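**Q** give me coordinates for this.
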Amino acid sequence: MVNNVIEAWYWIFLLAALVGVGVYYSLYSIRNLWAALKEQREEGQDTVSDEVIMTPYSRRIVIIHWLTVALLVVVWYLGDSLAGARGEKSATLAGYYAHVLAGGAVLVLTLLRWTFRNVDGVPPPAGNSLVDMMARGVHYGLYILLVLLSATGLMTALTSGVGPALLKANASLLPEKYTGPATVPHIAHEILMDVLIVVVIVHVLGAITHQFILKDGLMGRMSLRGKS
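**A** Down below sits the predicted model:
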């Protein structure tokens, strides 16, 4: 009985923390988008100079961006492999360790990038059109999704047999299915991953549009070329 009460409070605390993080980043993003909309109405500018387009991100933000991209591919592959392995009852501790470590690294890089955005600053918006504002929304959406993915992944591990299995290095404790308190965070984790894939595709399509259709060189902002 005592264990059930502790587990219930533990679950409530984790859920509250997850909601709090999501609300914080969502409100922050909405505030920035509202400020951008207000600026657009005041200035009424839809054109942007070449100098603004070529203003780059800092070197460390660029490095973090591409490291995050590489790690996301690894995390997605490991997660997909683990899902298949659980169905075949062949999941290994090594696979879970790798997935957790890679996911944790993504969270650390995301928080570092958010910090460096505030310290180093970011290039001015490429424009004030509706499309440009949507692009900014996609950027903030990526930050929110990466934080929420890490949070739901951690909650899934802590509310299932994965956490004890990794701490004790005992593969026999690994769950074949996520049940009980782990069901909700696991489902949320999978849904958020699907949403992230869609948002990333939109982001990539936007970058391709700038590079090959508009040909404005905007992708140069995320290049290490010429950075000291």
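**Q** wait, isn't S223 in contact with R59?
**A** No: in this structure, S223 is not within contact of R59 by C-beta atoms under 8 Å, at 10.4 Å. The C-beta positions use only the backbone N, C-alpha and C, and glycine is treated the same way.
**Q** quote the end-to-end distance of stretch 118-135.
**A** Stretch 118-135 has an end-to-end distance of 19 Å (C-alpha to C-alpha, to the nearest Å).
**Q** revised request: answer the last question for stretch 152-168.
**A** Stretch 152-168 end-to-end distance (C-alpha to C-alpha) = 22 Å.
**Q** which parts of that stretch are buried?
**A** 152-163, 165-166 (16 or more other C-beta atoms under 10 Å).
**Q** which of those lies closest to H99?
**A** Lowest distance from H99 to these (C-beta to C-beta) belongs to G153, with 8.1 Å.
**Q** next secondary structure after the host helix or strand of the closest one?
**A** Element membership for G153, per DSSP states H and E: helix 130-158. Of the helices and strands lying after helix 130-158 in sequence (DSSP H and E), the nearest is helix 162-168.
**Q** quick check: mean pLDDT across that next one?
**A** Computed over helix 162-168, the mean pLDDT rounds to 91.
**Q** now the element after that helix, going C-ward?
**A** Trace forward from helix 162-168 with DSSP H and E and the next one is helix 183-208.
**Q** sorry, back to before: for the helix holding G153, packing partners?
**A** helix 2-43, helix 93-120, helix 162-168, helix 183-208 (3 or more C-beta pairs under 8 Å, 6 or more residues apart in numbering; DSSP states H and E).
**Q** worst mean pLDDT among the ones you listed?
**A** helix 2-43 - the lowest mean pLDDT of the helices and strands packed on helix 130-158, at a mean of 62.
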